[in-house]
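Colleague: I need the structure of the sequence given here:
(one chain, ligands or ions: 2)
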Amino acid sequence: RVASDWLARLPKTELHLHIEGTLEPELMFALAERNGVALPYADVDALRAAYDFNDLQSFLDLYYAGADVLRTEADFYDLTRAYLLRAHADGVVHVEIFFDPQTHTVRGISFATVLNGIRRALAEGEREFGITYRLILCFLRHLPESDGFATLEDAMPYLAQIDGVGLDSSESGHPPQKFARLFARCKALGLPRVAHAGEEGPPEYVWQALNVLDVSRIDHGVRSLEDPVLVAELARRRTPLTVCPLSNVRLKVYERLEQHPLRQLLQAGLVATVNSDDPAYFGGYVGENWRACAEALDLTRDELLQLARNGITASWMDAADKVRWL
Ligand code: HPA
Ligand code: ZN
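Modeller: Ligands and ions are numbered 1, 2, ... in the order given. Next up, the predicted model:
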């Protein structure tokens with residue numbers, strides 16, 4: 001068993017983190033009060049008790065409802081600031097954060113309000129803690145592709161402040177193929193691309209993310225293991241997977257953490273990384289994902305070092321920073 005202080009000091013990255021998924025019940029209630037929003041829960045404990053999910057959709061329903069308390073630039077700043085304090089405490093040196101503009105613009109909140117609040121906290125976090133960062137705009141796949149195009153239009157004046165695009169929300173029934181034209185447009189604009197695939201969806205969705213959306217990373221991707229030809233291709237291309245172990249257990253992709261295939265992914269030669277996804281909802285920030293996996297899977301020091309190196313390699317940090325951490 002590895003020492004917990006050794007694990008705590010390991011330089012970590014977070015490459016799969018939805019900023020809306022870091023909204024802790026306490027902050028949700030505080031922002032509800034600040035903004036005069038009524039929540040359908042008596043208190044923080046009642047809200048937390050509702051975090052008992054059966055699958056991805058049952059989580060998403062609460063995640064989108066909770067995001068309704070986010071209204072002002074200060075709200076997005078406070079949200080991101082609180083997350084960075086947690087990340088810093090966990091020894092995270094670099095973060096790549098997803099945000100879901102459509103969740104907010106549909107409620108009449110401007111793209112700039114969301115972006116400015118998040119970026120102000122990120123810039124401050126880098127000055128204060130040295131945490132480098134990238135920001136990834138995610139399109140909601142349960143909405144039509146045309147809605148994604150409208151969101152890309154909203155983003156056009158701010159493209160210099162967006163480091164890439166992703167695809168999230170309800171996976172089943174919404175294959176990557178649905179967004180072929182939108183992602184082709186993003187590619188033409190020079191935007192790096194990632195997509196959630198193979199979380200609940202089949203290996204075929206991972207193939208589409210690779211071959212149709214031309215992504216450079218797969219978010220989750222754990223179901224790739226069902227297709228040996230796909231595993232070989234991901235290994236050959238060295239396409240990183242941003243794996244979220246505690247999320248997978250909470251959303252019942254795996255019944256218990258002991259059954260999580262993190263080690264199999266490493267043994268197959270894949271660039272697997274450890275991430276937290278929506279830590280306020282899934283019961284653990286990135287440090288807890290590392291600790292829980294080290295324990296439940298009895299990971300060796302070499303395996304943990306490999307996961308940390310994979311996080312640096314898979315990130316979009318500057319080359320000089322990669323050299324520094326590797
Ligand atoms: N999967 C898909 N969409 C999401 C997730 C996830 O794990 N978290 C937030 N949006
Ligand atoms: Zn996710």
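
Colleague: The residue in the chain positioned nearest to ligand 1 and residue 18: what is the separation?
Modeller: Nearest residue of the chain to ligand 1 (C-beta to the nearest ligand atom) works out as residue 168 at 3.6 Å. All C-beta spots, glycine's among them, are computed from the backbone N, C-alpha and C. Separation of residue 168 from residue 18 (C-beta to C-beta, to the nearest Å): 7 Å.

Colleague: Can you name the residues in contact with the longest helix along the chain?
Modeller: Longest helix in the chain, counting residues (DSSP state H): helix 111-129. With C-beta atoms under 8 Å, 6 or more residues apart in numbering as the test, helix 111-129 has contacts from 19, 70, 72-81, 84, 87-88, 95, 97, 99, 101, 104-105, 131-133, 135, 151, 154-155, 158, 161-162.

Colleague: Which of those residues fall in helices?
Modeller: Among those, the members found in helices (DSSP H) are 73-81, 84, 87-88, 101, 104-105, 151, 154-155.

Colleague: Get me the contact residues on the stretch 101-250 of the chain for ligand 1.
Modeller: Taking C-beta under 6 Å from any ligand atom, the part of the stretch 101-250 of the chain that reaches ligand 1 is made up of 168, 169, 196, 199, 247.

Colleague: Check which helix or strand the third one maps to.
Modeller: Meaning residue 196. If you go by DSSP states H and E, residue 196 is part of strand 194-197.

Colleague: Just the mean pLDDT for that strand, thanks.
Modeller: For strand 194-197, the mean per-residue pLDDT is 99.

Colleague: and it, which strands flank it?
Modeller: Applying DSSP bridges, strand 194-197 is found paired with strand 217-220 (parallel).

Colleague: buried sites along the partner strand?
Modeller: Residues of strand 217-220 classed as buried: 217, 218, 219, 220 (neighbour count, 16 or more other C-beta atoms under 10 Å).

Colleague: Just send these back as JSON lines, with pLDDT too.
Modeller: Listed next are the buried residues of strand 217-220 as JSON lines, based on pLDDT from 0 to 100:
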{"residue": "217", "pLDDT": "98"}
{"residue": "218", "pLDDT": "99"}
{"residue": "219", "pLDDT": "99"}
{"residue": "220", "pLDDT": "99"}
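
Colleague: Would you mind giving those as CSV with distance to residue 235 added?
Modeller: Putting these into CSV (distance: C-beta to C-beta, whole Å) gives the following:
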residue, distance to residue 235
217, 14
218, 12
219, 18
220, 17
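
Colleague: What is the nearest of those to residue 227?
Modeller: residue 218 (12.6 Å; C-beta to C-beta).

Colleague: So the closest one versus residue 158, what's the distance?
Modeller: 26 Å.

Colleague: returning to that earlier point: pull the most distant pair out of the buried residues of strand 217-220.
Modeller: Spatial extent of the buried residues of strand 217-220 (C-beta to C-beta) is set by the pair 217 and 220 at 10.5 Å.

Colleague: Quickly list what's touching both of those two.
Modeller: With C-beta under 8 Å, 6+ apart, residue 217 and residue 220 have common neighbours 241, 242.

Colleague: quick one on the thing from earlier: now for residue 168 and residue 18: what residues contact both?
Modeller: Counting by C-beta under 8 Å, 6+ apart, the residues touching both residue 168 and residue 18 are 98, 100, 138.

Colleague: Find the helix or strand that the last one is a member of.
Modeller: Think residue 138. Element membership for residue 138, per DSSP H and E: strand 132-140.

Colleague: Direction included, what does that strand pair up with?
Modeller: Using DSSP bridges, the strands paired with strand 132-140 are strand 92-99 (parallel), strand 164-168 (parallel).

Colleague: would you list the ones you listed in TSV and tack on distance to residue 229, mean pLDDT and mean neighbour count?
Modeller: Shown next, in TSV, are the strands paired with strand 132-140 (distance: least, C-beta to C-beta, whole Å; pLDDT from 0 to 100; neighbours: other C-beta atoms under 10 Å):
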stretch	distance to residue 229	mean pLDDT	mean neighbour count
strand 92-99	29	98	25
strand 164-168	23	99	25
